[in-house]
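Colleague: here is a sequence with its predicted model. Questions after.
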Amino acid sequence: MVIIMLMNKISAMQTIVKNMFRIILIHIIVLLTFVVNAQTWDVPADKKNKTSSFTFTNETQKKGEEIFLKTCVACHGNPGQGNFNKTLNPVPPDIVTDRVQKQTDGELFYKITTGRGLMPSFKNIISDNDRWNIVSYFRSFNKTYKQPPLSVAVDSVKMLAVHIFPEFDPKTNKVSITLKAFEKNDTLVLKNTEVILFAQRYFGILQIDSTRRSGTDGSVIFNFPADLPGDKEGMINCLVKINDEIYGEVEREFSMKSGIPTDKPSLTEKRAMWNVLSKAPVWLLITYTLVVVGIWSFLILIILRIFKINKIGKQKK
């Protein structure tokens, strides 16, 4: 009987050990999968072959270096010095290594634009041209690099053909924006176009909802915050950023009555003391006036003394 009980306990222990081993094995597989995925970064095929619309020069490299030192060096380190941040996962590469230089210009531009994980997206922070300037700076460390054929730059006149038609529904708090391009006698609907909506605030712009793509009718819908303050009439100034394959990066502004009416004083109305005369204290005005009068009186006195000395000198002669 005792032997049977011992056998049962041993069997139960073996089952527990097997289950623990399976759990540990599953965690190891998941961890390895995460690490592998973190190290690989697939770029869409149509983005790999994308190229700059301008030639890389010493000037573009210098501009790229300035931006790199401001926004990238904290993680990627100084080129060639190996002082990149090794505590991050995945570890950001040194830009002079083959891991970076073997990628196409389009791959580098795509990764700078979209970001991933701990690397932020610079799409709305750094302009399209400046992102290419960063790629130009990367290539300055590759002596064998030859720039591929340039892409056709979008004509600024062509960009002017893009128009937006926003509509706000106060019942659902949704903003519908329709994109159209008017060229000569033809009206084109911008399909599958990337659209980002922002609201103008005191110290910058606030992105509204997520980045969307227009449908087959050229329209896109955003969920607008119901608690966003506007001006006295509830008006909010908005900015739309459009990224289209044909018309390039286009920005359009519009205003709509979609905010909470707020009668807020300007930033200098109540808190300013030095740059608004009506808010300056009396003692400050008196002191300022006395100082100015005193300085001018002293200057006039010096000028009179000079004339007097000159006059005395002439009399002695």
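Modeller: Yes, it's here. What you are looking at is a predicted structure, and each value in this text was computed from that prediction instead of being measured.
Colleague: quick one: contacts for the residue nearest in space to the middle of the chain?
Modeller: What sits nearest the mean C-alpha location of the chain, by CA atoms, centre = their mean, is Ile125, with 1.6 Å. Taking CB atoms under 8 Å, 6 or more residues apart in numbering, we find Ile125 in contact with Thr71. Quick note: C-beta positions are derived from backbone N, CA and C, even for glycine.
Colleague: let's verify it: helix, strand, or coil?
Modeller: Assigned with DSSP: H, G, I helix; E, B strand; the rest coil, Ile125 falls in the coil class.
Colleague: ditto for Lys171
Modeller: coil.
Colleague: how about the CA coordinates for stretch 186-194, as CSV?
Modeller: Taking C-alpha atoms only, stretch 186-194 is exported to CSV below (Å, rounded to 0.1, in the frame of the first residue of the first chain):
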residue,chain,number,x,y,z
ASP,A,186,-11.1,67.8,-64.7
THR,A,187,-12.0,67.0,-61.1
LEU,A,188,-10.1,64.2,-59.4
VAL,A,189,-11.0,62.4,-56.2
LEU,A,190,-8.0,61.5,-54.0
LYS,A,191,-8.4,57.9,-53.1
ASN,A,192,-6.3,55.9,-50.6
THR,A,193,-4.6,59.1,-49.5
GLU,A,194,-3.0,59.5,-46.1
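Colleague: wait, is Gly64 part of a helix?
Modeller: Yes. Assessed with three-state DSSP, Gly64 lies in a helix.
Colleague: helix or strand: which one has the residue nearest to it when sequence neighbours are not counted?
Modeller: In space, Gly64 comes closest to Tyr137 once its chain neighbours are excluded; the distance is 3.0 Å by CB to CB, 6 or more residues apart in numbering. Secondary-structure assignment from DSSP states H and E places Tyr137 in helix 128-139.
Colleague: mind giving me the packing neighbours of that helix?
Modeller: Here helix 128-139 touches helix 58-71, helix 98-101, helix 105-114, going by 3 or more CB pairs under 8 Å, 6 or more residues apart in numbering; DSSP states H and E.
Colleague: which of these sits most buried?
Modeller: A comparison of these by mean neighbour count, using mean count of other CB atoms under 10 Å, puts helix 105-114 on top with a mean of 20.
Colleague: from the contact counts, what lies against it?
Modeller: For helix 105-114, the packing partners by 3+ CB pairs under 8 Å, 6+ apart are helix 45-48, helix 128-139.
Colleague: for the residue lying closest to Asn85 once chain neighbours are set aside, list the residues it contacts.
Modeller: Nearest residue to Asn85, sequence neighbours excluded (CB to CB, 6+ apart): Cys75, at 4.9 Å. By CB under 8 Å, 6+ apart, the contact list for Cys75 reads Phe84, Asn85, Leu88, Pro92, Leu118, Met119.
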